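*Asks:* The sequence and its predicted three-dimensional model are supplied below.
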Amino acid sequence: MSRRGNCHDNAVAESFFQLLKRERIRRRTYLTRDAARQDVFDYIEMFYNPNRKHTNNGMLSPVDFETRQQNLAKQVSRKLGVPQHHFGHYIRDVC
């Protein structure tokens, strides 16, 4: 189950939840579940996705990585004269 490439491998999720606990949850006390949910949402949407750098993305945040991929796809689309949706997933796999 834990071999590399196994579809049931959850190392990415485990890593994320470890970071979430270490960087956010263990430092706070929540009065209600709603307060905890809102804080986790804020962590993900306001810090983790737009700001936190990831080693798998070339030390870019997920938002910066997506922006770079979209810009690259636009450049290739213009050069080839082909609509972007025809090859966007190939660029993502190569870069």
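*Replies:* Structure received.

*Asks:* The residue most central in space within the chain: what's it in contact with?
*Replies:* Centroid-nearest residue in the chain: residue 62, 4.3 Å away (criterion: CA atoms, centre = their mean). Neighbouring residues of residue 62 by CB atoms under 8 Å, 6 or more residues apart in numbering: 48, 49, 50, 54. (Each C-beta comes from the backbone N, C-alpha and C, glycine too.)

*Asks:* what's the distance between it and residue 52?
*Replies:* Remark: distance between residue 62 and residue 52 (CB to CB, to the nearest Å) = 8 Å.

*Asks:* between the contacts of residue 62, which has the most around it?
*Replies:* residue 48 (20 neighbours; other CB atoms under 10 Å).

*Asks:* Which residues lie in contact with that one in this structure?
*Replies:* Contacts for residue 48 (CB under 8 Å, 6+ apart) come out as 19, 20, 62.

*Asks:* hmm, back to that, would you turn the contacts of residue 62 into CSV with pLDDT?
*Replies:* Formatted as CSV, these follow (pLDDT from 0 to 100):
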residue, pLDDT
48, 82
49, 79
50, 81
54, 75
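
*Asks:* Just the closest of those residues to residue 11, please.
*Replies:* Proximity to residue 11 was ranked across the contacts of residue 62 by CB to CB; first place goes to residue 54, at 13.7 Å.

*Asks:* Give the bridge partners for that closest one, please.
*Replies:* Here residue 54 shows beta-bridge partners residue 60, assigned using DSSP bridges.

*Asks:* quick one: it from residue 30, how far?
*Replies:* Separation of residue 54 from residue 30 (CB to CB): 27 Å.

*Asks:* Same check on residue 12?
*Replies:* Distance from residue 12 to residue 30, counting by CB to CB: 25 Å.

*Asks:* who's more crowded, the two?
*Replies:* Remark: of residue 12 and residue 30, residue 30 carries more neighbours, 13 against 9, as counted by other CB under 10 Å.

*Asks:* I'm done for today, thanks for sticking with me.
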